[in-house]
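Novice: Sequence and predicted structure below; questions after.
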Amino acid sequence: MNVFSDRSRIIITCNKRLTPYLELEVTELGFTLTRTFQTGVELEGTMADCIRLNLNLRCASQVHYSLKEFRAEHPEELYNVLVRMPWENILNNTSYISVTCTVDQLTVNNEMFVNVKVKDAIVDKLRRETSVRPNSGPDLTGAVIHLYWKDDRAEIFIDTSGETLAKHGYRKIPGKAPMLEALAASTVMATKWDRQSPFINPMCGSGTVAIEAALLATNRRPGLYRTNYSFMHLKDYDEQVYLAEMQRLRDQIKEVPGLLVEATDISDDAINISKVNAGIAGVENMIHFKRCDFALTDVPEGKEGVVYFNPEYGERLGDVKQLEETYARMGDFLKQKCKGYTGYIFTGNLDLAKKIGLKARRRIEFYNAKIDCRLLEYELYSGSKDKDRREKVSQE
């Protein structure tokens, strides 16, 4: 078994409701999907493909490379299958090894027990074949093995990512209740933004949405901000494959003349944090940061860009009664200052959304952690567009 040359099943996972955007990313990279499901996609490929996927994907969580699928009805049977696998051909005996599990099995009431069984099988085989016991633990900083076990079906994978890909590596200061980077990227992808016209982001918080917009526009990929993956700790890892993909990432960065990404927040701390994060991402000079109330955000006239709000919605931050006034003001801002633009408000509180006073053209479903959210889209017609729309309706 040589995982760097053998083709196998690859499962790419993501958070719920991000699959359409992950699917788009993977197919744009030239891969053919064999299956999509609620929390990910499936394809076939090599470890070199896994390296490319890890470095390029914005919406993914993990990239899993399948080693073996088998039947197991109890933990001892699981151990007996895994201890016979050729781990000495896959892992270095000097590697730090971690195990993760997804278990839905009647004989198991403690997932950690299964985790230990998998780890014991791997370590026992490596010690038998190499006379060295590798170090193991919970930190996902070395080689990571993942077990999926449901009913009597088990499958063992190399988690080629290690730490989740959903965090893109540039956000060293998170700020208050930050949006996960993979979610932020997916919501920007869900908008009608052409990645050239203005992107206006009032209430920017720690700057994640504005930064992800700038990264998308200039084709900067998450792999640029990360230096450690699980695949680097496998036996026969060829660093040249990784370095070649990294060079490809650098070469495909593009300039967008005149790009305007506007990010404002009433908090000095939020603006300072946003600037630090944007600097780490290499896009600080592409984003115009300003401390002000959102109603004072500059929106260039005569343009057809995007205005994107990610306000508090009463689940973790903010008092709902006070937020009712804020949402009403957001609606006034969109109606009065953003004509010709497409407006978006990301919220987990549809009762508050009613205070906006505009009818959403689309309601795009997302989750923010476990909170059921919507990205609400508003078509903000300019005077001439509104007149044309009324005339069209009257003719019909």
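Specialist: Now that the structure is in, tell me what you want to look at.
Novice: Residue 70 and residue 81 touch, don't they?
Specialist: Yes - taking CB atoms under 8 Å as the definition, residue 70 is a contact partner of residue 81 at 5.2 Å. C-beta: built from backbone N, CA, C; applies to glycine.
Novice: shared neighbours of these two, which are they?
Specialist: With CB atoms under 8 Å, 6 or more residues apart in numbering applied, the overlap between the contact sets of residue 70 and residue 81 consists of residue 154.
Novice: With adjacent residues omitted, what lies nearest to residue 197?
Specialist: Counting by CB to CB, 6 or more residues apart in numbering, residue 305 is the residue found nearest to residue 197 once chain neighbours are left out, at 3.8 Å.
Novice: Hmm, I typed the wrong one, I wanted residue 287.
Specialist: When the adjacent residues along the chain are set aside, residue 287 lies closest to residue 261, with 4.5 Å between them (CB to CB, 6+ apart).
Novice: neighbours of the nearest residue to residue 45 once chain neighbours are set aside, just the number please.
Specialist: Distances taken as CB to CB, 6+ apart place residue 10 nearest to residue 45, at 5.1 Å, with adjacent residues excluded. By other CB atoms under 10 Å, the residues close to residue 10 number 24.
Novice: worst-scoring helix or strand of this protein, pLDDT-wise?
Specialist: Here the helix or strand of the chain ranked lowest by mean pLDDT, DSSP states H and E is helix 383-395, holding a mean of 48.
Novice: buried residues in stretch 224-236?
Specialist: Judged by neighbour count using 16 or more other CB atoms under 10 Å, the buried positions of stretch 224-236 are 224-226, 229-235.
Novice: For that stretch, what is the distance to the chain centroid?
Specialist: The chain centroid and the centroid of stretch 224-236 are separated by 18 Å under CA atoms, centre = their mean, to the nearest Å.
Novice: Is the spatially most central residue of the chain within a helix or a strand, and which one?
Specialist: In the chain, the residue lying closest to the centroid (CA atoms, centre = their mean) is residue 182, at 1.9 Å. Counting by DSSP states H and E, the element that carries residue 182 is helix 181-190.
Novice: got the end-to-end distance for stretch 62-78?
Specialist: With CA to CA, to the nearest Å as the measure, stretch 62-78 spans 23 Å from end to end.
Novice: And the average pLDDT for that stretch is what?
Specialist: What stretch 62-78 shows for mean pLDDT is 96.
Novice: How about stretch 307-314?
Specialist: For stretch 307-314, the mean per-residue pLDDT is 92.
Novice: Identify the residues contacting it?
Specialist: Contacts with stretch 307-314, where a contact means CB under 8 Å, 6+ apart, come from 177, 179, 187-188, 191, 199-205, 209, 213, 294, 299, 318, 320, 323, 326-327, 330, 334, 338, 341-349, 352, 380.
Novice: Can you go through those and name the buried ones?
Specialist: The neighbour-count test (16+ other CB under 10 Å) marks 177, 179, 187-188, 191, 199-205, 209, 213, 294, 299, 318, 323, 326-327, 330, 334, 338, 341-349, 352, 380 as buried among those.
Novice: so where is this protein shaky, pLDDT-wise?
Specialist: Filtered on pLDDT under 70, the chain yields the residue ranges 315-318, 383-396.
Novice: How is it divided into domains?
Specialist: 8-159, 181-219+254-389 (automatic domain parsing).
Novice: Columns distance to residue 248 on top of those domains, output as JSON lines?
Specialist: Rendered in JSON lines, the data for the domains of the chain read as follows (distance: least, CB to CB, whole Å):
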{"stretch": "domain 8-159", "distance to residue 248": "8"}
{"stretch": "domain 181-219+254-389", "distance to residue 248": "11"}
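Novice: and residue 101, how many residues sit next to it?
Specialist: The local packing count at residue 101 equals 19, with neighbours defined by other CB under 10 Å.
Novice: Secondary structure element holding it?
Specialist: Element membership for residue 101, per DSSP H and E: strand 97-104.
Novice: Convert the helix or strand following that strand to CSV, retaining C-alpha atoms only.
Specialist: Tracing the chain past strand 97-104, the next element assigned as helix or strand by DSSP H and E is helix 111-130. As requested, the backbone C-alpha atoms of helix 111-130 are provided in CSV (Å, rounded to 0.1, in the frame of the first residue of the first chain):
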residue,chain,number,x,y,z
GLU,A,111,-16.6,7.1,21.7
MET,A,112,-13.3,7.6,23.5
PHE,A,113,-13.2,3.9,24.2
VAL,A,114,-13.3,3.3,20.4
ASN,A,115,-10.7,6.0,19.9
VAL,A,116,-8.3,4.2,22.2
LYS,A,117,-9.0,0.9,20.5
VAL,A,118,-8.0,2.4,17.1
LYS,A,119,-4.9,4.0,18.6
ASP,A,120,-3.8,0.8,20.3
ALA,A,121,-4.2,-1.2,17.1
ILE,A,122,-2.0,1.3,15.2
VAL,A,123,0.6,1.6,17.9
ASP,A,124,0.8,-2.1,18.6
LYS,A,125,1.4,-2.9,14.9
LEU,A,126,4.1,-0.2,14.6
ARG,A,127,5.9,-1.4,17.7
ARG,A,128,5.7,-5.0,16.5
GLU,A,129,7.2,-4.1,13.1
THR,A,130,9.6,-1.3,14.0
